[in-house]
Each structure stands twice: as C-alpha cells, then as structure tokens.
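Peer 1: what would the 3D arrangement of this be:
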Amino acid sequence: MFAALGIILIVGGAIIAFAINTAVDNVDLQALGYILMAGGAASLLIAAIQGLGWMSRSNRKFETERHVSPDGTHYVEETHTS
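Peer 2: The predicted model follows:
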C-alpha cells in the first residue's frame, strides 16, 4: 500500500513541479511538487522497511520434537524456532 502511494505522490509531484507552468495566487506550485515528491520518497522508504520485516519473518524455521514415554501414555512436544 505504501509503495503504490509513494509512486503516485512522486509522479503527481513531478507533474506539478515540472510540467505545470501556470501561476496560482499564494501557492508556489514548484515547492508543492517537491513536497509531494519528498512525501512519496518517505512512503517508499516505509514500504521498503516493512518489506524487510516481512522477509525476516518468512525465514524462520520451526522444529517440533515429540517425546513419548515408554508406555505410550504421556508425551511432550517441544517447538524451537531458528
């Protein structure tokens, strides 16, 4: 979600900063475009950090050991993460 938002903000900001040549009273369109592009870059950075978090979670391995008593009535399960 943040990646798509970042791309939209960067494209919209670039259009406003570089392609629009009209003047609007009390609004600096070039500065507004740069602000939107900075917000898009921050959004892409957040998306990259979230992606790294998801990648580190997917590399976890779970190992389960089951120990059964000799008479077969009791058992213990141990789960280890690595």
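
Peer 1: elements contacting the least confident helix or strand in the chain by mean pLDDT?
Peer 2: Ranked by mean pLDDT, DSSP states H and E, the helix or strand of the chain with the weakest confidence is strand 75-81, at a mean of 79. Under the contact criterion of 3 or more C-beta pairs under 8 Å, 6 or more residues apart in numbering; DSSP states H and E, strand 75-81 touches strand 62-68. The way it works is simple: take the backbone N, C-alpha and C, and place the C-beta from them, glycine included.

Peer 1: packing partners of the strand it packs on?
Peer 2: Using 3+ C-beta pairs under 8 Å, 6+ apart: strand 62-68 touches strand 75-81.

Peer 1: ok and the strand it packs on relative to strand 62-68, angle-wise?
Peer 2: When axes from the mean of the first three to the mean of the last three C-alpha atoms, to 10 degrees is applied, the directions of strand 75-81 and strand 62-68 differ by 160 degrees.

Peer 1: other residues contacting strand 75-81?
Peer 2: For strand 75-81, the external contacting residues (C-beta atoms under 8 Å, 6 or more residues apart in numbering) are 60-69.

Peer 1: could you say which helix or strand holds residue 70?
Peer 2: Counting by DSSP states H and E, no helix or strand carries residue 70.

Peer 1: for it, grab phi and psi.
Peer 2: Note on residue 70: its backbone torsions stand at phi -60, psi -30 [degrees, to the nearest 10].

Peer 1: now flag whichever of the contacts of strand 75-81 is closest to residue 14.
Peer 2: Nearest to residue 14 among the contacts of strand 75-81 is residue 60, at 39.7 Å by C-beta to C-beta.

Peer 1: rewinding a little: export the least confident helix or strand of the chain as PDB, just CAs?
Peer 2: The C-alpha trace of strand 75-81 is given here as PDB (Å, rounded to 0.1, in the frame of the first residue of the first chain):
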ATOM      1  CA  TYR A  75       4.100 -37.200  25.500                       C
ATOM      2  CA  VAL A  76       5.900 -33.900  25.500                       C
ATOM      3  CA  GLU A  77       6.100 -31.600  22.400                       C
ATOM      4  CA  GLU A  78       8.900 -29.100  22.100                       C
ATOM      5  CA  THR A  79       8.900 -26.400  19.400                       C
ATOM      6  CA  HIS A  80      12.100 -24.500  18.600                       C
ATOM      7  CA  THR A  81      12.400 -21.500  16.300                       C
END
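
Peer 1: this completes my enquiry, with thanks.
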